[in-house]
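*Asks:* Build the 3D model from these lines:
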Amino acid sequence: MKIAVTFDNGQIFQHFGHTELFKFYNIEDGKIISTAVMPTLGSGHGALAGFLASMGVDTLICGGIGGGAQVALTQAGITLYGGVTGSADEAVQALLEGRLGYNPDVKCDHHGEGHSHGDGHTCGEHGCGNHTCH
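*Replies:* Below is the predicted model:
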């Protein structure tokens, strides 16, 4: 089994389509045997599923993700665990132990370059902490 996690500074990055790094976990007999962090090389929304499939990934843990990317992952045979926050390493361990909290109906519908929170704050990276994709 090979698990990929959208990755930023040890945490699960919260917008799949803007992911610049993935952390890959090779799993054997329910245990992590190796990890590696790799850049996406700017693949973008549609191509990320193909990138993950080319890396041999069969499972993805991420934060928010749009419907088109979900379809592409399904077509690539990659199981999605979306709507997850926190430590990437802890999330993978929780998945292996059968206790990962995730949202099977995760949606990310704010795909503009930036959006306002109504308080004068604009967040274009979806990582400001004032909201999450739902």
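*Asks:* residues of stretch 91-102 that come out buried?
*Replies:* Using 16 or more other CB atoms under 10 Å as the test for burial, stretch 91-102 gives 91, 92, 94, 95, 96, 102. The way it works is simple: take the backbone N, C-alpha and C, and place the C-beta from them, glycine included.
*Asks:* Turn those into TSV, columns for distance to residue 79.
*Replies:* Shown next, in TSV, are those (distance: CB to CB, whole Å):
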residue	distance to residue 79
91	14
92	13
94	15
95	10
96	13
102	11
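*Asks:* where does this structure dip in pLDDT?
*Replies:* 43-46, 108-134 (pLDDT under 70).
*Asks:* Please enumerate the strands of it.
*Replies:* 2-8, 11-12, 21-28, 31-39, 59-61, 79-81, 115-116, 122-123 (DSSP state E).
*Asks:* export the ones you listed to JSON lines and tack on distance to residue 106?
*Replies:* As requested, those are exported to JSON lines (distance: least, CB to CB, whole Å):
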{"stretch": "strand 2-8", "distance to residue 106": "12"}
{"stretch": "strand 11-12", "distance to residue 106": "12"}
{"stretch": "strand 21-28", "distance to residue 106": "17"}
{"stretch": "strand 31-39", "distance to residue 106": "23"}
{"stretch": "strand 59-61", "distance to residue 106": "11"}
{"stretch": "strand 79-81", "distance to residue 106": "8"}
{"stretch": "strand 115-116", "distance to residue 106": "18"}
{"stretch": "strand 122-123", "distance to residue 106": "18"}
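*Asks:* closest to residue 75 among the buried residues of stretch 91-102?
*Replies:* residue 102 (20.2 Å; CB to CB).
*Asks:* picking up where we left off before, export the strands of the chain to JSON lines and tack on mean neighbour count and distance to residue 53?
*Replies:* Formatted as JSON lines, these follow (neighbours: other CB atoms under 10 Å; distance: least, CB to CB, whole Å):
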{"stretch": "strand 2-8", "mean neighbour count": "23", "distance to residue 53": "10"}
{"stretch": "strand 11-12", "mean neighbour count": "22", "distance to residue 53": "20"}
{"stretch": "strand 21-28", "mean neighbour count": "18", "distance to residue 53": "12"}
{"stretch": "strand 31-39", "mean neighbour count": "11", "distance to residue 53": "14"}
{"stretch": "strand 59-61", "mean neighbour count": "23", "distance to residue 53": "10"}
{"stretch": "strand 79-81", "mean neighbour count": "18", "distance to residue 53": "12"}
{"stretch": "strand 115-116", "mean neighbour count": "12", "distance to residue 53": "30"}
{"stretch": "strand 122-123", "mean neighbour count": "13", "distance to residue 53": "30"}
